[in-house]
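A.B. asks: 3D model of this:
(one chain, ligands or ions: 7)
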Amino acid sequence: MKVSTAAAPLLSILPEANLLIDNTGFCCTALQATSLRDQVFYPTSAAYNESVKFIFAANARLSPSCIVQPHSAEDVSIVVSTLTQTQCQFAVRSGGHTIWPGAASMEQGVTIDLSMMNSTTYQEDKGVASILPGARWHSVYKTLEPYGVTVPGGRSGAIGVSGFLIGGGNSFYTARVGFGCDNVENFEVVLASGAIVNANRTSRPDLYQALKGGSINFGIVTKYDLKTLPHDTLWGGLVIHDNSSTAQQIEAAVDFTNNIHNDPYASWIGMWGYNSVTGQNIMGGALEYTKPVAYAPAFEEFLKIPNTTSTMRFASIYNLTMELGQTPGYRNDATVLRKAIDLHNNYIEQAKAHVKSDYWAMDTMVQPWPKLFSQHSVEKGGNVLGLERFDENLIQLLFDYSWDNQDDDALFCRLGESILEELNEFAKSIGADNEFVYLNYADKSQNPLKSYGEENIEFISRVAKQYDPDGVFQVQVPGGFKISEV
Ligand SMILES: Cc1cc2nc3c(=O)[nH]c(=O)nc-3n(C[C@H](O)[C@H](O)[C@H](O)COP(=O)(O)OP(=O)(O)OC[C@H]3O[C@@H](n4cnc5c(N)ncnc54)[C@H](O)[C@@H]3O)c2cc1C
Ligand SMILES: *[C@@H]1O[C@H](CO)[C@@H](O)[C@H](O)[C@H]1NC(C)=O
Ligand SMILES: *[C@@H]1O[C@H](CO)[C@@H](O)[C@H](O)[C@H]1NC(C)=O
Ligand SMILES: *[C@@H]1O[C@H](CO)[C@@H](O)[C@H](O)[C@H]1NC(C)=O
Ligand SMILES: *[C@@H]1O[C@H](CO)[C@@H](O)[C@H](O)[C@H]1NC(C)=O
Ligand SMILES: *[C@@H]1O[C@H](CO)[C@@H](O)[C@H](O)[C@H]1NC(C)=O
Ligand SMILES: *[C@@H]1O[C@H](CO)[C@@H](O)[C@H](O)[C@H]1NC(C)=O
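C.D. replies: Residues are numbered from 1 along each chain as shown. Ligands and ions are numbered 1, 2, ... in the order given. I've put the predicted structure just below:
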């Protein structure tokens, strides 16, 4: 088995990006001259502060010249037309959960904040949920629950629908139905021209395909029609163990990953974590079963390991995703996993020697990405992630660091980049590396689109040129991962 890595330093406080030419007093004035004049907010307003505060990572809370909050696809179209005519740079933000600064906001430019477009409507006849781009998964789950249905969305309820769906989207249901993006039946998109169009299997199928993983390279999605599935009560929660169980956990993880196809109702995330409050280095397993069955045999190897606490219970998807809060991380070969946890322990000691923060935490997250996932993608028509070209079961690794003192920005960024490099080198040396980098967990220093494979890169470029011939989403929208930078 092979591994794929990502690093995500979180929550440092200083903005480090300064992307802009300062042309933006002009841009905000231009927006104010449209019918959206009451939806443009400046740094002196409470609405502006609220909007910035909702960005997840403290270091990503940049200060745009103004923030515009559209209420409809028509509003988005007006904003895009205005900003393209005035050649103003802008950023697009939905749930604001990308952890690096500048992905979904910007210094000095205009940030289009889609959080007011946050409703979910169930279309029973079609078996789809129409979800607006600024919704967060907990509200989607809550809205759908009375109808007895749910969707393959975030495992943390707070994250946004948009980034998740256009970057792939790994849910508790991936082993059953593929990635979140594989379950989109229709995207409504505002193109650079301001046109509001649908992209689905029969209309603009190329754009439809490219949006399944291609992120912010084509336009702004203003609605997702997502296929629903029955909402059964789940059995899930968090099981905490002493880190002395590490070797056993790793064996169990590899075994679990290689057997998911025997029981796709089971999902597991492994989290090795240290934080400065408890001063403890522990191991946590998030076990979720998407049917009301406790202690399913799929979890047997994990359940054999003695735990210190467990919140395993029967609950709704809403309830379980409210529990999984802050931070995930991930990569599959027992040797690489053991190395990852050794490095994890070692890097905690390195941090202890230099850290200035009052609060800090270092998590190493391990997550199965079996072949079964991309088999579902292919059955559903395919996406652009390119995972079907790998024949092995993968395990994903994420190094996820948080700290509160800006003086530690350089320290944690260096540790994040260095642990990733050491692990990648090790994995390569034993032939257990895999080039895939998951966009939704990638750091700015990584190049996830490049890991999709040559064919997908060419396809994404072609579709981007076709629907955005002037390259607005490459140049005027600098945030996010860009196909022109692959
Ligand atoms: C605590 C936590 C838990 C997570 N759990 C999971 C998980 O279970 N599974 C998983 O797969 N991932 C998970 N992630 C990763 C998550 O999928 C990404 O952070 C994702 O980008 C979040 O979407 P967002 O809308 O909040 O992001 P944003 O930061 O708002 O946007 C992400 C990118 O998409 C662009 N964008 C936003 N809206 C639009 C739009 N409407 N049209 C076009 N482009 C747009 C932005 O410009 C930006 O580049 C988690 C992240 C965190 C921090
Ligand atoms: C917005 O936040 C700034 C900086 O934190 C603060 O100085 C200002 O008073 C706030 N404005 C409003 C209206 O809340
Ligand atoms: C949508 O956003 C508004 C404004 O922040 C909030 O009051 C409302 O509860 C949200 N609705 C949903 C369904 O999340
Ligand atoms: C696909 O797009 C076309 C054109 O807008 C639309 O008429 C059709 O209803 C869409 N199909 C789906 C499944 O949404
Ligand atoms: C458990 O954590 C401690 C403290 O960080 C570390 O020294 C030890 O090596 C860890 N044990 C395992 C098996 O990872
Ligand atoms: C956790 O440990 C308790 C006490 O040994 C045990 O009864 C329980 O089944 C364990 N839970 C899990 C999920 O392993
Ligand atoms: C989840 O359910 C438990 C009871 O099983 C309850 O105590 C808790 O408050 C619920 N959480 C949320 C966010 O609803």
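A.B. asks: going forward, measure contacts and count neighbours with C-alpha atoms only.
C.D. replies: Fine.
A.B. asks: show me what from the chain comes close to ligand 4.
C.D. replies: Glu185, Asn186, Asn198, Ala199, Asn200, Thr202, Ser203 (CA under 6 Å from any ligand atom).
A.B. asks: selecting buried members of those residues in PyMOL, what would you type?
C.D. replies: Buried members of the residues of the chain next to ligand 4, defined by 16 or more other CA atoms under 10 Å, are picked up in PyMOL with:
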select buried, resi 185+186+198+199+200
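A.B. asks: looking at the residues of the chain next to ligand 4, spot the one nearest Leu234.
C.D. replies: Glu185 (25.1 Å; CA to CA).
A.B. asks: show me what contacts that closest one?
C.D. replies: Val128, Asn200, Arg201, Tyr224, Asp225, Leu226, Lys227 (CA atoms under 8 Å, 6 or more residues apart in numbering).
A.B. asks: looks to me like it is in a strand.
C.D. replies: Yes. Assessed with DSSP: H, G, I helix; E, B strand; the rest coil, Glu185 lies in a strand.
A.B. asks: ok, the residue in the chain positioned nearest to ligand 5 - how many residues close by?
C.D. replies: Ligand 5 sits closest to Ser244 of the chain, with a gap of 4.4 Å, by CA to the nearest ligand atom. Neighbour count for Ser244, taken as other CA atoms under 10 Å: 11.
A.B. asks: distance of it from ligand 6?
C.D. replies: 15 Å (CA to the nearest ligand atom, to the nearest Å).
A.B. asks: quick one: Cys413 from Asp443, how far?
C.D. replies: 10 Å (CA to CA, to the nearest Å).
A.B. asks: comparing these two, which shows the higher neighbour count?
C.D. replies: Legend: neighbour count by other CA under 10 Å for Cys413 and Asp443, higher for Asp443 (24 against 18).
A.B. asks: pretty sure the more buried one contacts Pro101?
C.D. replies: No. In this structure Asp443 lies outside contact range of Pro101 using CA atoms under 8 Å: 10.0 Å.
A.B. asks: look at the residue of the chain closest to ligand 5 and tell me its secondary structure.
C.D. replies: helix.
A.B. asks: pLDDT score for it?
C.D. replies: What the model reports as pLDDT for Ser244 is 97.
A.B. asks: and what of Met1?
C.D. replies: Looking at Met1, the pLDDT reads 46.
A.B. asks: with Tyr330 instead?
C.D. replies: As predicted, Tyr330 sits at a pLDDT of 23.
A.B. asks: can you tell me how far Pro152 is from Ala442?
C.D. replies: 21 Å.
A.B. asks: these two - which one has more neighbours?
C.D. replies: Applying other CA under 10 Å to Pro152 and Ala442 shows that Pro152 carries more neighbours, namely 27 against 21.
A.B. asks: enumerate every residue touching the more buried one.
C.D. replies: By CA under 8 Å, 6+ apart, the neighbours of Pro152 are Asn170, Ser171, Phe172, Tyr173, Thr174, Val177, Phe179, Gly180, Asn183, Thr228.
A.B. asks: for Gly180, same thing?
C.D. replies: By CA under 8 Å, 6+ apart, the neighbours of Gly180 are Pro152, Gly153, Phe164, Leu165, Gly168, Gly169, Asn170, Ser171, Thr174.
A.B. asks: from the residues you listed, which ones fall inside helices?
C.D. replies: Mapping the contacts of Gly180 onto helices (DSSP state H) picks out Phe164, Leu165, Thr174.
A.B. asks: quick check: pLDDT value at the spatially closest residue to Ala199 that is not a sequence neighbour.
C.D. replies: Leaving aside its chain neighbours, Ala199 sits nearest to Tyr208 (4.8 Å; criterion: CA to CA, 6 or more residues apart in numbering). Looking at Tyr208, its pLDDT is 98.
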